[in-house]
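In: Dropping a prediction and its sequence here:
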Amino acid sequence: MPEWTQVIVRTLVAVVFLFALTRLLGKRQISQLSFFAYITGITIGDLAATVSLDLESNWYLGMVSLAVWAIVSLGIEFLQLKSKKARDFIDSTSTILIKDGKVLEDNLKKEKLTNEELLQQLRAKSAFKLAEVEFAIMEPNGEINVLLKKEYLPLTPSDLGIKVAPDSEPQTVILDGKIMDEPLATRGFNRLWINTELEKIGVSVDNVFIGQVDSYGQLFVDLFDDQIKVPEPQQKAALMAEMKKCQADLEMFSLSTNQKEVKSMYEQCSIQLEQIIAEVKPLLIR
């Protein structure tokens, strides 16, 4: 067999074997590199390259070595799941870099981190001013997480005493001009409904790049032709406006009549509708 053919065959075998090992080791191997995972990744990559190009050695010995590394890596991960001491020893522990707004220089030296690198990492977390940082910690994988001082934290509806409705993930119902029946059925709709919604905004399904339906049944679309402006869904705003109009009409009716019973009825209906509006408002102002 020619050498170039051997290289192709060995490379293909190594790719398949590496793919199987990666699936076996799990997603953590590619998402969170610990010290040992970092070493394992480098070694397995080097072994795979050797298996592909070193034609003088027996290729199956490289596969054996790869399998041993995978087994050892799985054993280490199992040990980490069972023992916190093993986790701390292998992956190290988190290091506090800023506490109560004060930079801990000794911990910076321990992690071999300069002040410029610290500021760079803080900027990566949108903390451009050191004076705004209350707490910062370096995780075992090297990532730095930051907690801003309370006065610099962004406001949330909870801070303002505003109730908001729960929300669920949107369902992608159109991709590349094709209707996706399964996610559409998940929202309780069908093709007739989506075609009707597209007709309302004057768009054909062929021109839709991505279409999503949120938990309130509103359709949002992004078109292939970016020059076309698509109106935002207004169902919730229209419903809120209609309810307020009805409540205002009831108040007007109560003021326009002299009959006490009728006036009382209109006033009670207006109060009840006002209470309903207050209850459903969090659902309609998202």
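Out: Happy to help now that I have it. Numbering: from 1, shown residues only.
In: show me the contacts for F220.
Out: The contact partners of F220, taken as CB atoms under 8 Å, 6 or more residues apart in numbering, are P170, G211, Q212, V213, D214, P233. Backbone N, C-alpha and C define where each C-beta goes, glycine included.
In: Kindly indicate the member of those with the most neighbours.
Out: G211 (27 neighbours; other CB atoms under 10 Å).
In: Identify the bridge partners of that one.
Out: G211 has these beta-bridge partners by DSSP bridges: I174, V221.
In: how about it, what does it touch?
Out: T172, V173, I174, L175, I194, L219, F220, V221, D222.
In: who wins for most neighbours among those?
Out: Within the contacts of G211, V173 tops the neighbour count with 27 neighbours, counted by other CB under 10 Å.
In: May I have the residues that are in contact with that residue?
Out: The contact partners of V173, by CB under 8 Å, 6+ apart, come to I179, M180, P183, L184, R187, F189, I194, G211, Q212, V213, L219.
In: and which of the contacts of F220 is nearest D100?
Out: Closest approach to D100 among the contacts of F220 (CB to CB): P170, at 40.8 Å.
In: if I look at that closest one, how far off is L219?
Out: Distance of P170 to L219, computed by CB to CB, to the nearest Å: 10 Å.
In: I figured V133 hits L153, correct?
Out: No - counting by CB atoms under 8 Å, V133 stays clear of L153, with 11.5 Å between them.
In: Looking only at neighbour counts, state which of those two leads.
Out: V133 (23 against 12).
In: Quick check: bridge partners of that one?
Out: Beta-bridge partners of V133, as defined by DSSP bridges: L148.
In: pLDDT value on it, please?
Out: As predicted, V133 sits at a pLDDT of 93.
In: same check, this time on V16
Out: Listed pLDDT for V16 reads 69.
In: Roughly how far does T50 sit from T43?
Out: Distance, T50 to T43, using CB to CB: 10 Å.
In: Repeat that for K263.
Out: From K263 to T43 the distance is 86 Å (CB to CB).
In: before we move on, what about I174?
Out: Taken as CB to CB, the span from I174 to T43 is 45 Å.
In: try E132
Out: Taken as CB to CB, the span from E132 to T43 is 42 Å.
In: S65 now?
Out: S65 is 9 Å from T43, by CB to CB.
In: Then A131?
Out: A131 is 44 Å from T43, by CB to CB.
In: for L148, same thing?
Out: In terms of CB to CB, L148 sits 40 Å off from T43.
In: Repeat that for V221.
Out: Plainly put, V221 is 48 Å away from T43 if you go by CB to CB.
In: buried sites along the helix or strand hosting Q120?
Out: Taking DSSP states H and E as the definition, Q120 sits inside helix 115-124. Across helix 115-124, burial judged by 16 or more other CB atoms under 10 Å covers L118, Q121, L122.
In: Tell me which other helices or strands that helix touches.
Out: The contact analysis (3 or more CB pairs under 8 Å, 6 or more residues apart in numbering; DSSP states H and E) places helix 115-124 against strand 133-138, strand 144-148.
In: what's the offset of the first one from the middle of its chain?
Out: Computed by CA atoms, centre = their mean, to the nearest Å, the separation of strand 133-138 from the middle of its chain amounts to 23 Å.
In: Convert the C-alpha atoms of it to CSV, please.
Out: C-alpha atoms of strand 133-138 as CSV (Å, rounded to 0.1, in the frame of the first residue of the first chain):
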residue,chain,number,x,y,z
VAL,A,133,-16.8,45.8,41.7
GLU,A,134,-17.8,44.2,45.0
PHE,A,135,-16.5,40.7,44.5
ALA,A,136,-14.5,38.8,41.9
ILE,A,137,-13.5,35.2,41.9
MET,A,138,-11.4,33.0,39.6
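In: Make 229 the first number, not 1, from now on.
Out: In the new numbering, first residue 229, that becomes strand 361-366.
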